[in-house]
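Colleague: model the structure of this input:
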Amino acid sequence: MNSKAFPQHQKAGVSIEAISSSLTSHLVYSNSKSPVNATTRDWLQATAHVVRDRLVERWMETMQRYYEHDSRRLYYLSLEFLVGRTLSNAMLNLKLDEQFTAALLDFGQELEKIAGIEEDAALGNGGLGRLAACFLDSMATLDLPCYGYGIRYEYGMFRQRIENGVQVEQPDNWLRYGNPWEFARPEVLYQVKFHGHVVKYTHEDGSPHFHWVDTDNVMAMAYDTPVPGFGGKTVNNMRLWAAKSSRDFDLRYFNQGNYIQAVADKNDSETLSKVLYPDDSTEMGRELRLKQQYFFVSASLQDMLHRYKKNADSWTHLPDKIAVQLNDTHPSIAIAEMMRLLVDVHKLCWDVAWGLSMRIFSYTNHTLMPEALETWPVAMFESLLPRHLQVIYEINHRFLQQVMHQFPGDTELLRRLSIIDETKGRRVRMSHLAIIGSHTVNGVAALHTELMKRTIFADFERITPGKIVNMTNGITPRRWLNQANPGLAALITANIGTTWVTDLDQLKKLREYAENSEFQDQFRAIKQANKARLAKMIHSQLHIEINPDSLFDIQIKRIHEYKRQLLNVLHVITLYNRICAGARTVPRTVIIAGKAAPGYQMAKLIIRLINNVADVVNNDQRIGNQLKLVFIPNYDVSSAERIVPAADLSEQISTAGTEASGTGNMKLALNGALTIGTLDGANIEIRDEVGHDHFFLFGLTTEGAEERRREGYDPVSYYQENSELKLALDMIASGYFCPDEPARYQCIVDALLNKGDQYLLLADYAAYIECQDKVSLLYRDPQEWTRRAILNVAGMGKFSSDRTVREYAERIWHITPPDTQQD
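Modeller: Here you go, the predicted structure:
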């Protein structure tokens, strides 16, 4: 609050003694336990509350600072925020980790053990959600007035188990022990409508007005979580919405003895925020996804407008106070919802409302694949959100009128640009709605942005040149180096100081240490310790013994055909065959982790193949310690924090032109892994920054891939001409890795040989194998490998999310820290 809101003697202390006293108090008053009988989970709850107390003071001061400066705020709408565990991150950002470690030791407790049982907040799936979490960290570190808005999922996507090699999805009930970081806000409650119909009437001034009536209503209730920046000066807010029924209990049904029907409305309504990404292979699942998207968007926009109106007497300055970033197409219904709220609820005329809305929204695209750009059947929209379909029709009509005047007679252009796709059973193209309704659209890597302009959104670039810009993704060094790799962080700090934590460009100073033998020895020792820790975890969880001295070859990402985990497996089989034939190779441990979407059968089959191949390779006595294949189940932020620091080699092998950016490539390189990869996504920029000689490049370029397809790509010819490839595929097809069901993987082989090999695995196989041979050769020279690894770390300054967010703030959002604003 203001300077008098927290007199110094009332503030929570930060000394070891003050923290010890607070720990005792929270054990007693928050957990009803004493230090004598408290469990590890009691200590976790107490420690979290003590950290939270110190966050809350700064949080309230931050909000008051924004209020006093009447700051323009950025609202970041994202269906995912993959924040991971909070305890260690919050301590490090508040610079209180040493005090808490000492205070807990006085009670005989280890901070690492306590922090290790915290549940990962299951609010996201992969790169999209992790990017959003990194951005929240950077927004607070840069003192920018920003909010994150999303959904408080009761269950995450799923908890992945592997049974007999098969992915089994189990509920991820991350809230079963409660969440000490959140604050329920029962007073912040908004009504969200579905279904019903629209009544048109004429206002006394002759203008048409619309009422959305006879709706099914759900209440959105806010839960707030503080997000601290490094140093603790700024603590921003992440507001998540939980669905609550407008009617909890129907006594009429209860009195009739129909107990299930008595709570049916409540259960149906609250399903909205139950699960992240319900399976969309069914009509009900698809409808639930659209309802989730509208639910959180509507609540968030109502909240923004309510906050604005508290201090404004007109709508004129709305875009001067509100900026909204749409993180992918999921929240793009916000364009139509803002127009509905301004026109139907607040009675602005269309032109005024559209003028305001167009200055508020900006949109980030995260995919180049047309099939991944969300579309919804018009019939579903008409049933679920009838008023929004009318609004979309009106937006589309006015937009196409403008295009027609600009390019008269070009009906094909109108068809391609229309929000309504008439070619596939009439569907609403959400990416088109987002582009038309936003003042700026951005890609997330230089190549991705250029391909957006040249391919999927070429028509939009033609009619509004300059609207599509690039904002290369980044990651937060606070979590992905300072927290995840404390040994390397300490080594860096000891040699170049601490400023790198908030100015990652300082890492370039490490270049002068790349050939320093003492620094190399320390760097190698830290990497070896991280590898030993990961090997211990793998043995404990999976009972697989791996050699910490082997090359740790890591591919950690969502399982998808375009990410080409299958190409990695073909390399493993090739190495296996070479060793069986008597070759001596550099010992290698290939580690793969990632989840497949529940309805994505091919991806799930690839996981099963990985595990079946691992079972054969790891138990063949001829192989010994020369080669291991490990699939780590239930990949999440916390497991990434253990895997990433241990990586020697980072696999970034997607087909050129398919990956928007990638951020796993950044995390691994920042922690001293060398990259083997294609010229795809942010790989190109990473290679430019770390040096072309320090990146293992292979494979077709985007242009090369396009040309190969145009010429008539024949995967069978590659199969027939390469004996190692033929042997590997024949082994998969014949059931070598699954003798109990020999035809299990025939469909994988068919996809490669008989159905076009969509992602060009066979075209890139020979180059990939040759490049992997170069990897093995270099690994035999530990000094040179370490030199290149150090240069990789030194070149990663560009890829801080601080840089990315700063560029957004300056070029798109036009926001500044409140302390720099004019009163």
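
Colleague: quick one: what helix or strand has residue 769 in it?
Modeller: Following DSSP states H and E, one finds residue 769 within helix 761-779.

Colleague: name the next helix or strand following that helix along the chain.
Modeller: helix 782-794.

Colleague: remind me what that next one packs against, helices and strands.
Modeller: Counting contacts by 3 or more C-beta pairs under 8 Å, 6 or more residues apart in numbering; DSSP states H and E, helix 782-794 packs against helix 517-542, helix 664-670, strand 674-677, helix 683-690, helix 761-779. C-betas here are computed from N, CA, C, even on glycine.

Colleague: switch to 6 Å and redo it
Modeller: helix 517-542 (3 or more C-beta pairs under 6 Å, 6 or more residues apart in numbering; DSSP states H and E).

Colleague: quick check: buried residues in the helix it packs on?
Modeller: 519-520, 522-524, 526-527, 530-531, 534-535, 538, 542 (16 or more other C-beta atoms under 10 Å).

Colleague: how much space between the residue lying farthest from the centre of the chain and residue 347?
Modeller: Residue farthest from the centre of the chain, counting by C-alpha atoms, centre = their mean, is residue 204 at 49.3 Å. Distance of residue 204 to residue 347, given as C-beta to C-beta, to the nearest Å: 12 Å.

Colleague: which ones are touching residue 186?
Modeller: Shown in contact with residue 186 (C-beta atoms under 6 Å, 6 or more residues apart in numbering): no residues.

Colleague: what secondary structure does it sit in?
Modeller: Recorded secondary structure, residue 186: strand (DSSP: H, G, I helix; E, B strand; the rest coil).

Colleague: what distance do you get for it to residue 217?
Modeller: 17 Å.

Colleague: now residue 440
Modeller: With C-beta to C-beta as the criterion, residue 440 and residue 217 are 34 Å apart.

Colleague: the two: which has the busier surroundings?
Modeller: residue 440 (19 against 14; other C-beta atoms under 10 Å).

Colleague: in the sheet, who's paired with that one?
Modeller: Beta-bridge partners for residue 440, by DSSP bridges, are residue 362.

Colleague: isn't it right next to residue 812, touching?
Modeller: Yes: the pair residue 440 and residue 812 passes the contact test of C-beta atoms under 6 Å, sitting 4.9 Å apart.

Colleague: what residues do the two have in common as contacts?
Modeller: residue 362.

Colleague: so where's the chain uncertain?
Modeller: Scanning the chain with the threshold set as pLDDT under 70 gives 1-10, 247-267, 279, 820-823.

Colleague: one more pass at 80, please.
Modeller: Scanning the chain for pLDDT under 80 picks out 1-11, 246-269, 277-281, 424, 820-823.

Colleague: for it, longest helix please?
Modeller: helix 40-69 (DSSP state H).

Colleague: and it, how far from the chain's centre?
Modeller: Helix 40-69 sits 25 Å away from the centroid of its parent chain (C-alpha atoms, centre = their mean, to the nearest Å).

Colleague: given the next helix or strand after that helix, what are its sheet partners and their directions?
Modeller: Once the chain leaves helix 40-69, the next helix or strand it forms, by DSSP H and E, is strand 73-77. Using DSSP bridges, the strands paired with strand 73-77 are strand 146-151 (parallel), strand 322-327 (parallel).

Colleague: now these as TSV including distance to residue 464 and mean neighbour count?
Modeller: Formatted as TSV, the strands paired with strand 73-77 follow (distance: least, C-beta to C-beta, whole Å; neighbours: other C-beta atoms under 10 Å):
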stretch	distance to residue 464	mean neighbour count
strand 146-151	27	26
strand 322-327	17	24
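
Colleague: redo those strands as JSON lines? Include distance to residue 601.
Modeller: As requested, those are exported to JSON lines (distance: least, C-beta to C-beta, whole Å):
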{"stretch": "strand 146-151", "distance to residue 601": "27"}
{"stretch": "strand 322-327", "distance to residue 601": "28"}
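
Colleague: mind listing what's buried in whichever helix or strand residue 413 is part of?
Modeller: Element membership of residue 413, judged by DSSP H and E, is helix 411-417. By neighbour count on 16+ other C-beta under 10 Å, the buried set for helix 411-417 is 413, 414, 417.

Colleague: ok, those vs residue 122, which is closest?
Modeller: Relative to residue 122, the closest of these is residue 417; by C-beta to C-beta it sits at 38.1 Å.

Colleague: now for stretch 691-707, what's the gap between its first and last residues?
Modeller: End-to-end distance of stretch 691-707 (C-alpha to C-alpha, to the nearest Å): 27 Å.

Colleague: now residue 658: how far from residue 566?
Modeller: From residue 658 to residue 566 the distance is 14 Å (C-beta to C-beta).

Colleague: quick check on residue 711: phi, psi?
Modeller: phi -70, psi -10 (degrees, to the nearest 10).

Colleague: need the residues that contact stretch 437-453.
Modeller: Contact partners of stretch 437-453, identified using C-beta under 6 Å, 6+ apart, comprise 335, 358-359, 361-365, 368, 435, 461, 467-473, 660-661, 681-682, 684-685, 812.

Colleague: can you check stretch 459-470 too?
Modeller: Counting by C-beta under 6 Å, 6+ apart, 416, 417, 435, 441, 442, 443, 446, 449, 452, 453 sit against stretch 459-470.

Colleague: among those residues, which lie within helices?
Modeller: Using DSSP H, those in helices are 416, 417, 435, 446, 449, 452, 453.

Colleague: against residue 807, how distant is the fourth one?
Modeller: Taken as C-beta to C-beta, the spacing of residue 446 relative to residue 807 amounts to 13 Å.

Colleague: one step back: what helices or strands is the helix holding residue 769 leaning on?
Modeller: Against helix 761-779 (3+ C-beta pairs under 6 Å, 6+ apart) you get no helix or strand.

Colleague: residue 160 belongs to a strand, doesn't it?
Modeller: Yes: Residue 160: assigned to a strand according to three-state DSSP.

Colleague: if it is in a bridge, with which residues?
Modeller: residue 169.

Colleague: check contacts around it.
Modeller: Residue 160 makes contacts with 167, 595, 633, 634, as judged by C-beta under 6 Å, 6+ apart.
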